[in-house]
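> Give the three-dimensional model of this entry:
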Amino acid sequence: MDNTVKTRGISGAGLKWLAMATMLIDHCAAVFGYKIITYFHSIVPYTCLRGIGRLAFPIFCFLLVEGYVHTSNRIKYGVRLFLFAIISEIPFDLAFNGSWLNWNSQNVFFTLTLGLIAIFVLEYFQSNPWIGRVLACGVVLAAELFHTDYSGAGVVLIVGFYIFREKEIYRILCAFLVLVVFGNVLEIVALLAFLPIHFYNGERGWQIKYFFYIFYPAHLILLWWLHSQNLVLRW
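Residues are numbered from 1 along each chain as shown. Model (predicted):
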């Protein structure tokens with residue numbers, strides 16, 4: 001009976017699949033936005049798809065914090081994120097900027113890496129909290145200066161998930177404030193991500209090792225190729 005109760009809800013793997021699906025929908029809309037709008041003669045389908053995509057990042061922030069708290073090797077975890085940030089940058093620039101390298105925007109793995117660094121320094125300097133806070137602010141500034149996906153707001157959101165990881169209502173309030181201050185009206189839809197997060201059961205679930213890491217650059221390359229070949233909504 002106890003085991004049944006424990007496994008109810010959504011596992012970490014389930015949340016990850018949901019985040020990947022909504023991210024894919026968002027990126028399809030971002031890459032093929034003009035074609036979607038012209039095909040349907042309306043901005044509504046495009047806006048709806050981008051709205052669905054807003055759910056992805058808060059879920060990834062939540063999973064990042066869960067991974068940080070439970071990993072046996074935080075350094076290895078951070079290095080892996082940074083490695084795939086580098087690997088994903090060219091696919092990201094090709095898909096969204098149409099160029100091999102564009103310094104005006106960097107992929108979300110850089111945001112996740114910086115978020116991991118921010119919560120690491122806050123934890124490391126617990127005995128000197130002001131040092132940790134100053135360094136964390138420096139990490140937020142770095143995300144802004146390097147124009148990572150979601151910029152400094154993304155790092156602030158990750159820190160909020162970490163600080164309030166045991167207090168769901170404060171976590172939601174923090175996300176709301178970040179989205180209102182740093183985001184736009186569409187970003188408020190991201191708060192719906194807290195519904196599946198609420199049903200997280202604490203279990204890892206069925207994991208395909210490194211699948212998400214590979215999926216991110218792979219799907220960007222595929223979207224870029226489809227766009228370059230004019231194969232989507234061609235008719």
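> Regarding the residue nearest the centre of the chain, what is its secondary structure?
Nearest residue to the geometric centre of the chain (C-alpha atoms, centre = their mean): residue 57, 3.2 Å. Classification of residue 57 by DSSP: H, G, I helix; E, B strand; the rest coil places it in helix.
> residues touching it, list them.
Neighbouring residues of residue 57 by C-beta atoms under 8 Å, 6 or more residues apart in numbering: 108, 150, 154, 157, 190, 193. (C-beta placed from N, C-alpha, C; glycine too.)
> Please verify my assumption that the fifth one contacts residue 59.
Pointing back at residue 190 there. No. Using C-beta atoms under 8 Å, residue 190 is not in contact with residue 59, being 9.3 Å away.
> Can you tell me how far residue 72 is from residue 66?
Residue 72 is 14 Å from residue 66, where distance means C-beta to C-beta, to the nearest Å.
> again but with residue 210, I slipped
Distance from residue 210 to residue 66, by C-beta to C-beta: 17 Å.
> which one of these two has more residues nearby?
Under the criterion of other C-beta atoms under 10 Å, the comparison of residue 210 against residue 66 puts residue 66 first, with 17 against 10.
> Skipping adjacent residues, who's closest to that one in space?
Spatial nearest neighbour of residue 66, chain neighbours left out: residue 12 (6.3 Å); criterion: C-beta to C-beta, 6 or more residues apart in numbering.
> quick one: the one you found from residue 60, how far?
Counting by C-beta to C-beta, the separation of residue 12 from residue 60 is 11 Å.
> Also residue 137?
According to C-beta to C-beta, residue 137 and residue 60 sit 22 Å apart.
> now residue 177
Shown here: residue 177 relative to residue 60, a distance of 19 Å by C-beta to C-beta.
> Looking at those two, which has the bigger crowd around it?
Counted by other C-beta under 10 Å, residue 177 and residue 60 do not tie: residue 60 has more neighbours, with 28 against 13.
> Leaving out chain neighbours, which residue sits closest to that one?
residue 19 (5.3 Å).
> ok, that neighbour - contacts?
55, 56, 59, 60, 63.
> Closest to residue 142 out of the contacts of residue 57?
Closest approach to residue 142 among those (C-beta to C-beta): residue 154, at 11.7 Å.
> Just give the closest residue to the closest one, not the sequence neighbours.
Closest to residue 154 by C-beta to C-beta, 6+ apart is residue 111, at 4.2 Å.
> try residue 11
Counting by C-beta to C-beta, 6+ apart, residue 11 lies nearest to residue 205, which is 2.7 Å off, once chain neighbours are set aside.
> that older thread, ok, of the contacts of residue 57, which come out buried?
The neighbour-count test (16 or more other C-beta atoms under 10 Å) marks 108, 150, 154, 157, 190, 193 as buried among the contacts of residue 57.
> Quick check on the closest residue to the fifth one other than its chain neighbours: phi, psi?
When you say that, I think you mean residue 190. Of all residues beyond its chain neighbours, the one nearest residue 190 is residue 54 (4.1 Å), with distances taken as C-beta to C-beta, 6+ apart. For residue 54, the backbone dihedrals (degrees, to the nearest 10) come out as phi -60, psi -20.
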